[in-house]
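J.: What follows is a predicted structure for the sequence shown.
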Amino acid sequence: MKVLHTSDWHLGKTLYDKKRYDEFDSFLNWLVGFIVKEKIDALLISGDIFDTTAPSNRAQALYYNFFKKMASTGCRHIVVTGGNHDSPSFLEAPKSILRMLDIHVVASISGNIADELIPLTNEHGATEAIVCAVPFLRDRDIRSAEPGENPEDKSRKLISNIAQHYREVAEMAQQQRQDNPIPIIGMGHLFTQKGKTTEGDGVRELYVGTAAHVDGQDISQDFDYMALGHLHVAQKVDGEEQVRYCGSPIPIGFGEAGQEKKVIVASFEGRKATVTEHEIPCFRELHKISGTLDRISAEIKTMTNEGSEAWLEVEITEAVPAAMITAQLDELLKGSKMEILRIKNKKVIDRALQQSDDEEKLETMNDSDVFIRCLEANEIPEENRKQLLETYKEAIFGMQNHE
């Protein structure tokens with residue numbers, strides 16, 4: 001049995017207001033062809049199918065057209081779980097219809113663990129694997145607030161409840177398996193401890209407080225393969241061959257420029273999985289250039305001569321008038337298929353952000369750092385700052401993760 005693991009499609013994602021539907025379409029067409037070529041039996045999509053909770057009509061069309069094309073691939077099962085970017089109600093609206101096509105959608109927890117267990121059957125109707133399709137676990141779904149809790153108490157309780165949920169799902173799957181030597185495959189959408197991210201990849205903290213990162217070994221120990229989503233870099237969790245993030249299929253931002261994108265195939269003989277990574281072609285090159293205006297101009301000339309069609313992010317590291325930068329770069333791009341999506345003038349930014357700490361720059365600060373500077377600027381007493389910061393984080397989290 002061959003299972004393909006993918007996640008974090010982020011259909012509808014824009015980059016500095018540039019639409020990327022052609023890239024998504026190219027990826028999905030490639031994926032259909034790859035599934036046919038590799039004779040994949042089951043496809044697992046571990047969350048963040050869409051980039052927003054209200055996807056555009058064109059993003060929805062890509063999603064449903066993909067399912068239409070999958071019908072002729074020979075792939076018997078598709079399992080979709082919801083991510084933090086997805087709307088559970090939107091994903092689950094066509095659930096009963098998709099179920100008739102062996103497309104299983106688990107967008108949120110229902111209160112019944114059995115709803116997250118998906119038996120995968122072979123052409124003879126015999127169960128050949130059990131998928132524990134755990135969606136993104138929202139704080140409100142698995143943790144009840146108690147009076148007097150501090151942030152550390154909340155994080156500990158949250159992590160404990162997440163791990164407990166995975167244990168309960170795995171235990172029920174083991175009961176269903178009984179003595180049948182078939183694999184139990186876990187799915188999840190979460191942030192594990194030591195998980196690797198890249199600057200500008202748009203990966204959000206899933207819960208208030210960065211301490212709420214889950215122990216990967218704790219949640220995966222009962223599964224023969226663990227298909228994770230949320231982090232955009234393909235990686236093993238704690239070095240475990242059978243516990244994987246596949247990463248996003250296209251670079252979500254310039255922080256992922258040049259990154260090798262992958263899907264993962266787990267081939268099962270009984271319960272043993274042989275795991276292989278497969279590179280996804282690059283459908284739109286993203287390129288970051290940093291340096292003096294002369295250095296950037298030289299690199300753009302070289303790329304133009306090579307026929308590049310890349311989207312560019314440019315960072316100027318010297319103090320140069322904006323008009324000069326624009327005029328010179330516009331001239332260089334004449335007749336080229338390249339396009340500059342963003343220009344940053346580092347010297348101007350640094351000069352505008354004179355801080356007491358010379359090493360502190362706006363692009364290295366997150367929103368909480370900026371809020372702390374506001375507290376300092378308004379001379380808020382130290383004893384009040386911790387609670388205000390926690391309230392602020394909860395407000396930001398609520399904005400980012402609303403249904």
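T.: Structure received. Numbering: from 1, shown residues only.

J.: those helices in the stretch 301-403 of the chain, which residues are they?
T.: 322-333, 346-352, 367-377, 382-400 (DSSP state H, counting those that start in this stretch).

J.: To Gln235, which of those lies closest?
T.: Of all the helices of the stretch 301-403 of the chain, helix 382-400 sits nearest to Gln235, with 23.3 Å by Cβ to Cβ. The way it works is simple: take the backbone N, C-alpha and C, and place the C-beta from them, glycine included.

J.: before we move on, back to that, out of the helices of the stretch 301-403 of the chain, the one nearest Tyr64 is which?
T.: Closest among those, using Cβ to Cβ: helix 382-400, at 26.3 Å.

J.: Let me know the average pLDDT across that closest one.
T.: What helix 382-400 shows for mean pLDDT is 70.

J.: Leaving out the residues flanking it, which one is nearest to Glu309?
T.: Residue nearest to Glu309 in three dimensions, not counting chain neighbours: Lys337, with 4.1 Å by Cβ to Cβ, 6 or more residues apart in numbering.

J.: returning to that earlier point: could I get the helices of the stretch 301-403 of the chain as JSON lines with distance to Glu309 and mean neighbour count?
T.: Output for these, formatted as JSON lines (distance: least, Cβ to Cβ, whole Å; neighbours: other Cβ atoms under 10 Å):
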{"stretch": "helix 322-333", "distance to Glu309": "12", "mean neighbour count": "13"}
{"stretch": "helix 346-352", "distance to Glu309": "26", "mean neighbour count": "13"}
{"stretch": "helix 367-377", "distance to Glu309": "34", "mean neighbour count": "13"}
{"stretch": "helix 382-400", "distance to Glu309": "33", "mean neighbour count": "13"}
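
J.: If you count neighbours, what's buried in stretch 254-264?
T.: Phe254, Gly255, Glu256, Ala257, Gln259, Lys261, Lys262, Val263, Ile264 (16 or more other Cβ atoms under 10 Å).

J.: Please flag which of those residues sit within strands.
T.: Lys262, Val263, Ile264 (DSSP state E).

J.: Who are the contact partners of the last one?
T.: Same thing as Ile264. Leu4, His5, Thr6, Ala227, Ala234, Arg244, Cys246, Val275, Thr276, Glu277, His278 (Cβ atoms under 8 Å, 6 or more residues apart in numbering).

J.: Kindly report the same for the second one.
T.: Val263 makes contact with Leu4, His5, Thr6, Leu31, Phe34, Cys246, Pro249, Glu277, His278, Ile280, according to Cβ under 8 Å, 6+ apart.

J.: Pick out the most distant pair among those.
T.: For these, and using Cβ to Cβ, no pair is farther apart than Leu31 and Glu277, which are 14.7 Å apart.

J.: neighbour-wise, which of these two wins?
T.: Counting neighbours by other Cβ atoms under 10 Å for Leu31 and for Glu277 shows that Leu31 has the greater number, 22 against 13.

J.: so the more buried one is in which element?
T.: helix 21-38 (DSSP states H and E).

J.: Buried ones in that helix, by neighbour count?
T.: So, applying 16+ other Cβ under 10 Å, buried residues of helix 21-38: Tyr21, Glu23, Phe24, Asp25, Ser26, Phe27, Leu28, Leu31, Val32, Phe34, Ile35, Glu38.

J.: so who does the first one touch?
T.: Residues in contact with Tyr21, defined by Cβ under 8 Å, 6+ apart, are Gly12, Arg58, Ala59, Leu62.

J.: Pick the one among the residues you listed closest to Lys301.
T.: Of the contacts of Tyr21, the one sitting nearest to Lys301 (Cβ to Cβ) turns out to be Gly12, at 34.5 Å.

J.: Leaving out sequence neighbours, find the closest residue to the closest one.
T.: Ala59 (3.5 Å).

J.: give me the element the one you found is part of.
T.: helix 57-70.

J.: between that helix and helix 21-38, how many degrees?
T.: Here helix 57-70 runs at an angle of 10 degrees relative to helix 21-38 (axes from the mean of the first three to the mean of the last three Cα atoms, to 10 degrees).

J.: Restricting to C-alpha, output helix 57-70 in CSV.
T.: Extracted as CSV, the C-alpha positions of helix 57-70 are listed here (Å, rounded to 0.1, in the frame of the first residue of the first chain):
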residue,chain,number,x,y,z
ASN,A,57,-14.3,31.2,-6.1
ARG,A,58,-11.2,30.5,-8.2
ALA,A,59,-9.5,28.8,-5.2
GLN,A,60,-12.6,26.7,-4.6
ALA,A,61,-12.6,25.7,-8.3
LEU,A,62,-9.0,24.5,-8.1
TYR,A,63,-9.9,22.4,-5.0
TYR,A,64,-13.0,20.7,-6.6
ASN,A,65,-11.5,20.3,-10.0
PHE,A,66,-8.6,18.5,-8.4
PHE,A,67,-11.0,16.0,-6.9
LYS,A,68,-12.6,15.6,-10.3
LYS,A,69,-9.3,14.7,-11.9
MET,A,70,-8.4,12.4,-9.0
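
J.: For that helix, buried residues please.
T.: Ala59, Leu62, Tyr63, Phe66, Lys69, Met70.

J.: Now pLDDT too, for the contacts of Tyr21, in TSV please.
T.: Output for the contacts of Tyr21, formatted as TSV (pLDDT from 0 to 100):
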residue	pLDDT
Gly12	97
Arg58	98
Ala59	98
Leu62	98
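
J.: any idea which helix or strand of the protein has the worst average confidence?
T.: helix 346-352 (a mean of 58; mean pLDDT, DSSP states H and E).

J.: residue ranges with poor pLDDT in the stretch 1-150 of the chain?
T.: 145-149 (pLDDT under 70).

J.: So which residues of it form helices?
T.: 21-38, 57-70, 88-92, 95-99, 139-142.

J.: wait, isn't Pro249 in contact with Glu256?
T.: No. Pro249 is not in contact with Glu256 according to Cβ atoms under 8 Å; the separation is 10.8 Å.

J.: In the sheet, which residues pair with Ser290? Tell me.
T.: Beta-bridge pairing of Ser290 under DSSP bridges involves Glu315.

J.: In contact with it, which residues are there?
T.: Here Ser290 is in contact with Ile296, Val314, Glu315, Thr317, Lys346 (criterion: Cβ under 8 Å, 6+ apart).
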